[in-house]
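# My questions are about this predicted structure, shown below with the sequence.
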Amino acid sequence: MRSVERFRTDIDDVTRRLREGMADGVLAFPLTSFRDDGSLDPDAYRAYLTAQVATAPGALFPACGTGEFSALDEDEYRTVVRTAVEAADGRLPVVAGTGYGWAQALRFARIAEEAGADALLVMPHYLVAAPQDGLVEQLRRIAAGTRLPLIAYQRGQVTFNAEGVRRIAEIPTVIGLKDGHSDLDRLQRLTLAAPEGFLFFNGAATAEIQARAYATVGVPAYSSAVHAFAPEIADAFLTALRAGDDTVTRKLLRDFYVPLVELRDRVPGYAVSLVKAAARLRGLPVGPVRAPLTDPSPADLADLEQILDAGLALVGATRRRPA
């Protein structure tokens, strides 16, 4: 009985820490550092993570979409998660990505557990559409094979309905849901169907664009890709949003976030490629993206540079030029 109680206590503690982190700051989804030849660069990644943790985000989500989870092999994944855990050093929760079908997701889950992660973000499964029964069973099978708490991620081919959310919330280790669909009518129904204390957060691409809308349905927490390269901008936006400063939020949206989204929409995969390119423009040691993603064209990179400089000027920061 004591082991069961300890198990429940651990889950409750992770949930509490995540809830507190969501209330304190944006959720950071760090990039993964690669060398020019495409190999993992652990030393550069450690230095980059140290800088990310120093900005005190609400939680750290390594090896997720922004971190190019789908491009990592298992050994690289182990290094990425372990390095994130070491960088966090207990100061904030570490939620590692996992995904594909449940069998492969469990292989990554067990690696993350051994590496010291606090929880897992279960990203959309590979390729096929599935009914609610299948989506629930996928999480049940992953939950059965790891002690780590799970956060479901609905995006792409994964969409839960209210009954599906009720069912996954009954799985003892499923503690929340990240939403990437931005269907606020549906999301409101999901939040009403979930039990009290179930975690929800906005995981739309460039989530700040829709942060105010998400907050109206009771989901104020969000992940920030911008934090991966410009935490000053991400923090300034969050501060203004929570203070109800419409002047600052509208200016940041109009002069930085909207232009960034318009540039992002030019090319598939730019949701990650632009973030990594912006980090390189700031001198951060993240390297290129891995195929099938591509780095921005020279023309798009020039536009990104202007957008980045405009955003930093709005918050009174300056860009350190790469060496």
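Nice, thanks for sending it over.
# use CA for all of it now, contacts and neighbours both
Will do.
# Tell me which stretches of the protein form helices.
Under the criterion DSSP state H, the chain contains helices at 2-24, 42-54, 74-88, 102-115, 132-145, 162-169, 184-193, 211-216, 231-243, 246-252, 258-264, 270-281, 298-314.
# list the buried ones in the shortest one?
Under the neighbour-count criterion of 16 or more other Cα atoms under 10 Å, helix 211-216 has A211, Y214 buried.
# So what touches it?
Under the criterion Cα atoms under 8 Å, 6 or more residues apart in numbering, residues L184, N202, P220, A221, Y222, L241 lie in contact with helix 211-216.
# Tell me the gap between that helix and the middle of its chain.
18 Å (Cα atoms, centre = their mean, to the nearest Å).
# could you turn it into CSV, dropping everything but the C-alphas?
Written as CSV, here are the backbone C-alpha positions of helix 211-216 (Å, rounded to 0.1, in the frame of the first residue of the first chain):
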residue,chain,number,x,y,z
ALA,A,211,-3.3,33.4,-26.0
ARG,A,212,-6.0,35.9,-25.3
ALA,A,213,-8.6,33.8,-27.0
TYR,A,214,-7.5,30.6,-25.1
ALA,A,215,-7.7,32.4,-21.8
THR,A,216,-11.4,33.1,-22.4
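# Closest to R141 out of the contacts of helix 211-216?
The shortest gap between R141 and any of the contacts of helix 211-216 belongs to N202, at 25.2 Å (Cα to Cα).
# Distance of the closest one relative to A47?
Remark: distance between N202 and A47 (Cα to Cα, to the nearest Å) = 28 Å.
# Which one of those two is surrounded by more residues?
Of the pair N202 and A47, N202 is the one with more neighbours under other Cα atoms under 10 Å, namely 27 against 16.
# Please spell out which residues along stretch 95-106 are buried.
Those would be V95, A96, G97, T98, G99, Y100, G101, W102, A105, L106, for stretch 95-106 by 16+ other Cα under 10 Å.
# In those, find the pair that's most separated.
The widest separation within these (Cα to Cα) is 18.8 Å, between V95 and G101.
# what about D246, how many neighbours?
Using other Cα under 10 Å, D246 has 12 neighbouring residues.
# Kindly report the same for the one 10 residues further on.
Taking other Cα under 10 Å as the neighbour definition, F256 ends up with a count of 20.
# and the spatially closest residue to it that is not a sequence neighbour, what is it in contact with?
Once flanking residues are discounted, F256 sits nearest to G311: 5.2 Å by Cα to Cα, 6 or more residues apart in numbering. G311 is in contact with I233, L252, D255, F256, counting by Cα under 8 Å, 6+ apart.
# Test my guess that the second one contacts D235.
No. Using Cα atoms under 8 Å, L252 makes no contact with D235, being 11.4 Å away.
# Looking at these two, which has the bigger crowd around it?
L252 (24 against 20).
# Identify the farthest-apart pair in the contacts of helix 211-216.
Checking those with Cα to Cα, the most distant pair is L184 and L241, at 18.8 Å.
# out of the two, which sits in the busier spot?
More neighbours surround L241 than the other of L184 and L241, with 19 against 15 (other Cα under 10 Å).
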